[in-house]
Structures are given as C-alpha cells and as structure tokens.
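Peer 1: fold the following.
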Amino acid sequence: MDRERWNRLLAALGIGDESECFDALFAAYSEKHRHYHSTRHIDHCLRELDSARSLARDAAEVELALWFHDAIYDPHSSKNEERS
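Peer 2: A predicted model of the protein is given here:
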C-alpha cells in the first residue's frame, strides 16, 4: 500500500490530510489473520484499476472504494464488505 498514492487520491478528491486513516487501513490490512484481504490484495486491486481507469466514470471514487472494500475483516462474519 502506497501512502503517496493515497495522498494523491485524497488531493484529487479535495480531501485534506488523512494520515491517521491511511495508518488505520494499513494496520487493518496487515492483520495476521488475513490471508487474502491484505495489503497485497489492495495493491493488486489498484493495479487492476490502473489498467482499466479510462473505463470508469469517476475513477477516483472507484479507487477510494477499493481502498476500503475489505478494511473490516472478521473471518466469522458475512457482513465484512457491508461494514467496511
């Protein structure tokens, strides 16, 4: 997960410094029990977005959704994406 990319995204959306939010996301995606929904997964999703960015009506909003889509992960819950 790339803090510089995060900062560029927030700037594009007109959002100020959210370093604490990045830190919280990084910590969440780095939890030991995560095997798939990890920092590597987010990096992969962002690379996929980069290859299809021109197809998105609002790529910045799609990117923001990718950053958060599995932030909350309880292996015993079916509502992780909803809660994220």
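
Peer 1: list the contacts of the residue nearest in space to the middle of the chain.
Peer 2: For the chain, the residue sitting closest to the mean C-alpha position, by Cα atoms, centre = their mean, is residue 67 at 1.1 Å. Counting by Cβ atoms under 8 Å, 6 or more residues apart in numbering, residue 67 makes contact with 6, 9, 25, 42. (C-beta placed from N, C-alpha, C; glycine too.)

Peer 1: what about the longest helix along the chain, distance to the chain center?
Peer 2: Across the chain, the longest stretch assigned as helix under DSSP state H is helix 39-52. Put simply, helix 39-52 sits 9 Å off its chain's centre (Cα atoms, centre = their mean, to the nearest Å).

Peer 1: on that earlier part again, reformat the contacts of residue 67 as TSV; add secondary structure and neighbour count.
Peer 2: As requested, the contacts of residue 67 are exported to TSV (DSSP: H, G, I helix; E, B strand; the rest coil; neighbours: other Cβ atoms under 10 Å):
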residue	secondary structure	neighbour count
6	helix	20
9	helix	20
25	helix	19
42	helix	21
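
Peer 1: pLDDT-wise, which helix or strand of this protein ranks last?
Peer 2: Among the helical and strand segments of the chain, the one scoring lowest on mean pLDDT, DSSP states H and E is helix 80-83, with a mean of 80.

Peer 1: contacts for that helix, please.
Peer 2: 37, 69, 70, 72, 73, 74, 77.

Peer 1: is it correct that the first one is in contact with residue 70?
Peer 2: Yes. In this structure residue 37 lies within contact range of residue 70 using Cβ atoms under 8 Å: 3.9 Å.

Peer 1: between those two, what contacts are shared?
Peer 2: 29, 80.

Peer 1: residues of stretch 57-74 that come out buried?
Peer 2: By 16 or more other Cβ atoms under 10 Å, the buried positions in stretch 57-74 come out as 59, 60, 63, 64, 66, 67, 70, 71, 73.

Peer 1: so how far is residue 52 from the first one?
Peer 2: This means residue 59. For residue 59, the distance to residue 52 equals 9 Å [Cβ to Cβ, to the nearest Å].

Peer 1: kindly state the pLDDT recorded for residue 33?
Peer 2: Listed pLDDT for residue 33 reads 89.
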